[in-house]
Structure formats: structure tokens, C-alpha cells
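>>> Provide a 3D model corresponding to the input given below.
(chains A and B)
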Number of protein chains: 2
Amino acid sequence: MSQYGSAVEYALHCLLYLVRSGQGMARSARDIAEFQELSTAYVAKLFTRLEKAGMVTATEGIRGGFHLTRAAGDISVLDVVDAVEGRKPLFECREVRVNCVLFEGKTPSWSGRGICGIHAVMLKADAAMRSSLAQSNLAELAAHVTEVVPKTHRKAAQDWFEERGHDRGKRRSRKNA
Amino acid sequence: MSQYGSAVEYALHCLLYLVRSGQGMARSARDIAEFQELSTAYVAKLFTRLEKAGMVTATEGIRGGFHLTRAAGDISVLDVVDAVEGRKPLFECREVRVNCVLFEGKTPSWSGRGICGIHAVMLKADAAMRSSLAQSNLAELAAHVTEVVPKTHRKAAQDWFEERGHDRGKRRSRKNA
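Numbering: from 1, shown residues only, chains lettered A, B, ... in the order given. Below is the predicted model:
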């Protein structure tokens, strides 16, 4: 199994719909899920984690939904990874070094002192990976999407989300009539 | 689950016993396992992978066992990680971007063209991690062990392995007598 799986990928894709939606525009977890043909329950769960991490917040009402709590350029890929996966180390040290037939069950204090050399190498690699993920942010990812996705599709996507909002409004009006 | 687990940790610890054993000295997987109070079958399995990767080779006979095929300074932590875990990516891209309700089942060619921006960020972090692991080698790890492990324990360990070799020799002689 890889360190990061579908949750990170889906969360990043979902957040990009909030970047592209512009200022003051909120999108519902359901709309974002359906647009990408993903499970609504799963996407809702991801948004719960992102909200808990303070990255998104929800507004109530017909035109409500989630929106980013800070500028897309201030949300790094690492922020999203940690929000979704938790602070997951690259390597789990089992302190093999304290086991030795010569210790006869009485582990000397020096054997577990400081950090194991192998663990230290792994922590360094973990830091290199995290530092790399911290260097990318949602604004850059969104700019890349704008580059590769044709304008016509971006417009069609915008219209689809708008229409969903209107439909919700209509359904609500009928209900209240 | 972490990216790297006990197999990497155990393999590195085991290999360090071959670095410390000096030139021309071989150690059996069983002795290395028992010294660390690890399962012999598990350590044997790790050595099979390390041998397959060309990092160690076995010699037959009473004083036989595994030895490194190249200088410890030429075996990086990354080499060991790849030998034990296989070439495991940090992130598995599921190409979420090709799914969109607007495509109506007919995915346009542009949607999967090139590498997904999210995947690219992950590949960069993966490369940073691998580059970090490639910068450490068995010689450095062994030097760290020499620094932290008291001389008396290092001598006792050397004696233990020597004795095991002798015991095997005696058992073999009795068998052949």
C-alpha cells in the first residue's frame, strides 16, 4: 500500500472546485461529488475532515455550501494531506535495537538512548517529502487546471454548478409554497 | 499504515551485522535473527529479497553465511528499501480527473493528457524522499552504531557470533565422525 491513497487525491480535486468557484461562492459537497461522479457520502466525510482542520467552512441556505477559509495560495498540499490522513509518519520505528540475546531480558539504558540511526535517516526522508509537499499549494494546482482544461469545459462546469444552485432554490420555493 | 514498516527496519539492522563482521566474514541468517531475538524464518525471507537484489550473497559450509557483495558505503538506504519493499510509489493516482458528469461516459482526450497536476506534486515529493534515502548508506549507519554501542558490547557480540560458528563446526564434526 502507498503512503497516500485515494482520500488525498479526492480531497485535493474537491478543493480545486472551491478555488475555481471564485470569491464568495460556496459549493455543496453533494454537487462536487456528483460532478466528479464520486460517492456523496465519501466526499462529505472528506469535507468533515477538511472543516475540522480549519481549511473550509460551511454556510447554510439555498446557495450555501463549503468555501475555503483562506486564500488558495495559503493552503499547501501538505496541509490537505495532514488534514485528510492525519500526521502519518513515513516509517514506524519498532526499536529493534533494544532486542539482543546478550541483554538477557535486561535492556541496558544505552541501547535505547537517543534516536536510532535508521530512524533518523527515515525522519530526514520524511522531512524532505513533507517540505516538498509544503511547497505546492491549491492556487498553483488550480492554475495548472486552468492551463489544461479547455475554456468551453470550464464554462460548462460553472454553468452546471449554477444550475444546481437554481434547482435547489426552485425545489425549496415549491416546498415553502 | 506507514509507507515503510518493520521489513525495512529489520533488513537494515540485519545488514549492519554484515558490515560490522568485517571483510571475508559471513554470518548466517539464523545467527543474525537469534542475536536480535527475531524470527529466523522472517529474517531468512528478508535475506532472500536482499540476495535477489544483488546486495548479499551466500557462501556454503560451516563458516558460511551471507556477506555483502559490495562495499557498505556503496549500499544506500534506498537500495535496501527498494530491495525489501519493491519500488513502491508514495501516492497512487487513480486518475480522478477523467471522471466528470459532463463527459457523459465519453472521456475527452484532453482530460487524461499529460500528468495530473496533483500526481506531479506527489511525484516530486516522492523524488525528494528517495533522494534523501539515497544519501545515506550502510557504512554511515554502521559508524553511528560504533559510536553509540559500548566497546564491551561490540566485543561480546563478536564473540557470540564466533562461538556460534565454532559450535556449528563441532556439531558438523560429530556428525561426520
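
>>> check what pLDDT residue A:174 gets.
For residue A:174, the model assigns a pLDDT of 67.

>>> select the longest helix from chain A.
helix A:151-176 (DSSP state H).

>>> how far off centre is that one?
Helix A:151-176 sits 25 Å away from the centroid of its parent chain (CA atoms, centre = their mean, to the nearest Å).

>>> kindly report the same for stretch A:148-163.
For stretch A:148-163, the distance to the chain centre is 23 Å (CA atoms, centre = their mean).

>>> list the buried residues for that stretch?
The neighbour-count check on stretch A:148-163 (16 or more other CB atoms under 10 Å in any protein chain shown) flags A:149, A:157, A:160, A:161 as buried. The C-beta positions use only the backbone N, C-alpha and C, and glycine is treated the same way.

>>> ok, now how distant is the last one from residue A:55?
Right, the one you point to is residue A:161. 20 Å (CB to CB, to the nearest Å).

>>> quick one: is the lowest-mean-pLDDT helix or strand in chain A near chain B?
Lowest on mean pLDDT, DSSP states H and E among the helices and strands of chain A sits helix A:151-176, with a mean of 80. Yes - for helix A:151-176, a contact with chain B is found by CB under 8 Å from any CB of the partner chain, at A:153, A:156, A:157, A:160.

>>> what sits against the last one?
Going back to what we said before, that points to residue A:160. A:35, B:101, B:102 (CB atoms under 8 Å, 6 or more residues apart in numbering or on different chains).

>>> can we see that at 7 Å?
A:35, B:102 (CB atoms under 7 Å, 6 or more residues apart in numbering or on different chains).

>>> check contacts around residue A:156.
Contacts of residue A:156 (CB under 7 Å, 6+ apart): residue B:102.

>>> okay, and the residue sitting nearest the centre point of chain A sits in which element?
For chain A, residue A:80 is the residue whose C-alpha lies nearest the centre (CA atoms, centre = their mean; 3.4 Å). Assigned by DSSP states H and E, residue A:80 falls within helix A:77-85.

>>> identify each buried residue in the next helix or strand after that helix, please.
Sequence-wise, the next helix or strand downstream of helix A:77-85 (DSSP H and E) is helix A:117-134. For helix A:117-134, burial by neighbour count (16+ other CB under 10 Å) applies to A:117-119, A:121-126, A:128-130, A:132-133.

>>> what mean pLDDT does helix A:117-134 get?
So the average pLDDT for helix A:117-134 ends up being 94.

>>> in PDB, list the C-alpha atoms belonging to that helix.
C-alpha atoms of helix A:117-134 as PDB (Å, rounded to 0.1, in the frame of the first residue of the first chain):
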ATOM      1  CA  GLY A 117      20.400   5.800  13.400                       C
ATOM      2  CA  ILE A 118      18.000   4.100  11.000                       C
ATOM      3  CA  HIS A 119      15.000   6.000  12.400                       C
ATOM      4  CA  ALA A 120      17.000   9.300  12.000                       C
ATOM      5  CA  VAL A 121      17.600   8.600   8.300                       C
ATOM      6  CA  MET A 122      13.900   7.900   7.800                       C
ATOM      7  CA  LEU A 123      12.900  11.000   9.700                       C
ATOM      8  CA  LYS A 124      15.200  13.000   7.400                       C
ATOM      9  CA  ALA A 125      13.500  11.500   4.300                       C
ATOM     10  CA  ASP A 126      10.100  12.200   5.800                       C
ATOM     11  CA  ALA A 127      11.100  15.800   6.300                       C
ATOM     12  CA  ALA A 128      12.300  16.100   2.700                       C
ATOM     13  CA  MET A 129       9.000  14.700   1.500                       C
ATOM     14  CA  ARG A 130       6.900  17.000   3.700                       C
ATOM     15  CA  SER A 131       9.000  20.000   2.700                       C
ATOM     16  CA  SER A 132       8.300  19.200  -0.900                       C
ATOM     17  CA  LEU A 133       4.500  18.900  -0.300                       C
ATOM     18  CA  ALA A 134       4.600  22.200   1.600                       C
END
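
>>> follow-up on the earlier one: can you add distance to residue A:106 and give the buried residues of stretch A:148-163 back as JSON lines?
Converted to JSON lines, those look like this (distance: CB to CB, whole Å):
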{"residue": "A:149", "distance to residue A:106": "64"}
{"residue": "A:157", "distance to residue A:106": "66"}
{"residue": "A:160", "distance to residue A:106": "68"}
{"residue": "A:161", "distance to residue A:106": "66"}
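
>>> relative to residue B:96, which of those residues is nearest.
residue A:149 (13.5 Å; CB to CB).

>>> now that closest one: closest residue in space that isn't a chain neighbour?
Distances taken as CB to CB, 6 or more residues apart in numbering or on different chains put residue B:110 closest to residue A:149, at 7.2 Å, once the chain neighbours are dropped.
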